[in-house]
Every structure is written in C-alpha cells, then in structure tokens.
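**Q** My questions concern the predicted model and sequence given below.
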Amino acid sequence: MSIDFTVAIPTYNGANRLPQVLERLREQVNTENLGWEIIIIDNNSKDNTAQIVQEYQAKWSAKCPLKYYFEVEQGAAFARQRAIREAQSEFIGFLDDDNLPDVHWVSAAYLFGKEHPKAGAYGGQIHGEFEVEPPENFKRIQSFLAIRERGKISHLYDPDNLSLPPAAAVVVRKQAWCENVPSRPTLGGKAYGSMVQGDDYEPLLYMHKAGWEIWYNPAMQTYHQIPGWRLEKDYLISLIRGSSLCICHLRTIGAKTWQKPLIFAKIIMGSLRRSVLHWLKYRGKVKTDLIAACEMEFFLSSAASPFYYLKTSLLSGKE
C-alpha cells in the first residue's frame, strides 16, 4: 500500500496524553481511499510512553500503520527531523501530543496539499480547551500557546513578519523540507531546562526563503488541551521569554553578514519603542495585570534577542 499522508506525533513523557490523540485519529472520516500512517517519535521519554504505544499497536487497524521510533537527541526540532526521515509520504502532518484533531483533520490536510502544489507548509485552526477559565483579555497573548483562530477563509501567512503556523498542528511537504531545511537546526527546541523556542518557525522560514508558500487552512481544526498550570504567571512569562529570545535568530535566516547589524538595530529600537509605549499606556498595571506583564516581557525579550543571538553564535563559533 502506498502512503499518501503521515501523521507524526513527537512526544516527551506523553503516556497520559497520547491515548486521547490516538483515539481521535482512530475516528478519522473520509480516509477510506487514503493510504496513511501514524508515527510516534518518542523524544527520550522517561515514563511508559513506549508501553502505551505497544498496547495500541497490538489492537491497531492494519489499514493505517502505527509506528514507533525512539529519538535520543533531546529537543522538538530533532524529533521532527527524525519524523521527516521516517515518513513514507509526500505530506507530513505534525501533531503535538496535547493537540486533538477533529475527525476531518487528516482528509482536510491531505486535500489541501493536493490542491495547493506550491504550499510548502500549512496550518489550520487551533482552538484552546482550558482546564480553568483563562484570565481577562487572554486573547491578546493566546498565540503564545499555539492558538490560531484566523477566520474561515484560507489565506497565505506572512513569514517575513514571522506570521507562521505553529508546529502543534502543521503539515509540511517533504520535498520542501528535505531540499531546504538544514539537517542540524540552530534552534533545537525546549530541552534540558531551556525554554528558548522558534524551532517550529525555523524550518518554515527556510522553505519560504526558497520560494514555497505557507498557508492557513481553516478546514483543519484541532483542540489544544491547556491545563491550569500553563496559565500561571511564572510559566507564561518564561514561555514568552523563550518565544522572544529567538526572534533575532529567525530574522537573520538567509541574511547576508552585512545585513545583520541593520537587523539587530531594527529589532532593538523597535522593541524598546514598543516597551516605552506599553509602559506609558499601562504604567503600574504592568506589574499587576498578567496580560500587560506578558506583553512587556515580549517587548523586552525581543529587544534582548540580538544579544542572545551574538552570545550563542560566539559560543558555537559561528560568528
């Protein structure tokens, strides 16, 4: 059987989360004429993730192979690279282990890829399912938790302004990835206590620079499971700091050496300007209002991202 579509699920200690995702995948509709597979990339889990997958494999339908791979190199980016290597299809649909697809997700994802031959990657709607009620005005920062609700009409993203779909539910074309994405990512993803992110955007930017389109497909809908602790201030501040310190890395992808100082200056000046305007708008509320505090963290960490870029580049010997 030829494989038309691959669902790839990178996971770390996902034993309690994977069953929900696999059950949703078991319920997919309109896949009767579609050859598809599911691959689990276990990124060094310390729990019984492998056992859970084995139990599912024992009772899984042969019409849709369920495969398991163990990736020892820690970091989401390395798990995705392993998925790309193992996938047997033209299209690879990534799902986080806490992001549940609706029953049409696989068929909608495959159909969109066939209808858009220039699409190197595309994401859909990601709705938040919250364990506790989110704080007031949470929609202003919900994108940091990979929530995407951009309407019912498909459209192109704007990669030049870092407007891109998150890896929580994104489909990539294997050709676009393999021809343009380096085998060793600069941003490896959260690992060993690091919260610095951007690892999901980095491959998409390489594809975009090579001329591939990045799309939003509203027919693909998933539901991000968000526990209460992910709405606590300490976690959100740390998450946003990690999402911002990578900005200079992302902005300099494909840039020439002489362009980098200009990019550094633009990021620093623009972010500091927004920080000042934000403080003037909220003043004392920046410390007491969770959403305002998170936004200020974004501006300040964005301003610091060129310095983080230079530090990591010097340590790696790239500059």
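**A** Perfect, thanks for sending it.
**Q** how about the CA coordinates for the top strand by length along the chain, as PDB?
**A** Using DSSP state E to assign secondary structure, the strand with the most residues in the chain is strand 213-226. C-alpha atoms of strand 213-226 as PDB (Å, rounded to 0.1, in the frame of the first residue of the first chain):
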ATOM      1  CA  GLU A 213       4.200  29.200   0.200                       C
ATOM      2  CA  ILE A 214       3.000  29.000   3.800                       C
ATOM      3  CA  TRP A 215      -0.800  28.700   4.100                       C
ATOM      4  CA  TYR A 216      -3.600  28.900   6.600                       C
ATOM      5  CA  ASN A 217      -6.300  26.200   6.000                       C
ATOM      6  CA  PRO A 218      -9.300  26.700   8.300                       C
ATOM      7  CA  ALA A 219     -10.700  23.200   7.400                       C
ATOM      8  CA  MET A 220      -8.100  21.700   9.600                       C
ATOM      9  CA  GLN A 221      -9.200  22.100  13.200                       C
ATOM     10  CA  THR A 222      -7.600  20.900  16.400                       C
ATOM     11  CA  TYR A 223      -8.100  21.500  20.100                       C
ATOM     12  CA  HIS A 224      -5.200  22.300  22.300                       C
ATOM     13  CA  GLN A 225      -5.500  20.900  25.800                       C
ATOM     14  CA  ILE A 226      -4.300  23.600  28.200                       C
END
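**Q** Name the residues of it that are buried.
**A** The neighbour-count check on strand 213-226 (16 or more other CB atoms under 10 Å) flags 213-226 as buried. (Glycine included, C-beta is placed from N, CA and C.)
**Q** Each with direction, which strands does it pair with?
**A** strand 99-101 (antiparallel), strand 119-130 (parallel), strand 155-156 (antiparallel) (DSSP bridges).
**Q** And the longest one, what's buried?
**A** By 16+ other CB under 10 Å, the buried positions in strand 119-130 come out as Ala119, Gly120, Ala121, Tyr122, Gly123, Gly124, Gln125, Ile126, Gly128.
**Q** Just the closest of the residues you listed to Trp279, please.
**A** Distance to Trp279 across the buried residues of strand 119-130 (CB to CB) is lowest for Gly128, with 28.3 Å.
**Q** The nearest residue to the closest one once chain neighbours are set aside - how many residues pack around it?
**A** Closest residue in space to Gly128, ignoring its immediate chain neighbours: Ile147 at 4.7 Å, by CB to CB, 6 or more residues apart in numbering. With neighbours defined by other CB atoms under 10 Å, the count for Ile147 comes to 19.
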